[in-house]
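# with the input below, show me the fold.
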Amino acid sequence: MGSPIVMHFRLLFALILVVGSTLMLASCTPGIKVGGQPFVTKDPKYLPRAQDQKYVSICYNADNTDEGTIKQLAQKSCQLPGANVRVFSHDLVLNECPVVSKARVTFLCIAPTP
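Just a heads-up that it's a prediction; the model follows:
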């Protein structure tokens, strides 16, 4: 049959072949969308609250979310009717967002002028 060393090399070769083939097939699959849809989260601490300012913070995945989607969600979530929103702050680390949607943007709700 063969020596134990030859048998080990054959087994190792077969294992490398199976693992390599699996990795090659996996690399051909389309990319996986990670992070899901943007969502409203907690506002950062210590935001200035002068003149009853309202804020809305959104977690999102920067790889698969466009600016328009985030801004629409912010306008819908703003507690002032008919308000516009403006980016107030943006942070990528040490926030309350999950790892797959790590970016957080905070919008300032601007009341419509009469």
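# show me where this structure has helices.
Ranges of helices within the chain are 4-27, 67-77, based on DSSP state H.
# wait, Tyr55 touches Cys109, no?
Yes: between Tyr55 and Cys109 there is a contact under C-beta atoms under 8 Å: 6.7 Å. Bear in mind the C-beta positions are built from the backbone N, C-alpha and C, glycine included.
# domain ranges for this structure, per the record?
Following automatic domain parsing, one finds the domains of the chain at 1-30, 39-110.
# picking up where we left off before, mean pLDDT, distance to Ser101 and mean neighbour count added to the helices of the chain, as CSV?
Formatted as CSV, the helices of the chain follow (pLDDT from 0 to 100; distance: least, C-beta to C-beta, whole Å; neighbours: other C-beta atoms under 10 Å):
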stretch, mean pLDDT, distance to Ser101, mean neighbour count
helix 4-27, 83, 24, 10
helix 67-77, 93, 11, 15
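# as TSV, those with distance to Pro114 would be great.
Listed next are these as TSV, based on distance: least, C-beta to C-beta, whole Å:
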stretch	distance to Pro114
helix 4-27	58
helix 67-77	19
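# the ones you listed: which one's closest to Asn84?
Counting by C-beta to C-beta, Asn84 lies closest to helix 67-77 out of these; the figure is 7.2 Å.
# could you dump that closest one to CSV, C-alpha only?
What follows is helix 67-77, C-alpha atoms only, in CSV (Å, rounded to 0.1, in the frame of the first residue of the first chain):
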residue,chain,number,x,y,z
GLU,A,67,-27.5,59.6,1.7
GLY,A,68,-31.0,60.1,0.4
THR,A,69,-32.4,57.1,2.3
ILE,A,70,-30.8,58.3,5.5
LYS,A,71,-32.1,61.8,5.1
GLN,A,72,-35.7,60.6,4.3
LEU,A,73,-35.7,58.5,7.5
ALA,A,74,-34.4,61.5,9.5
GLN,A,75,-37.2,63.7,8.2
LYS,A,76,-39.9,61.1,8.9
SER,A,77,-38.5,60.6,12.4
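# what packs against it?
Counting contacts by 3 or more C-beta pairs under 8 Å, 6 or more residues apart in numbering; DSSP states H and E, helix 67-77 is packed against strand 39-41, strand 54-60, strand 84-91, strand 103-110.
# lovely, talk soon.
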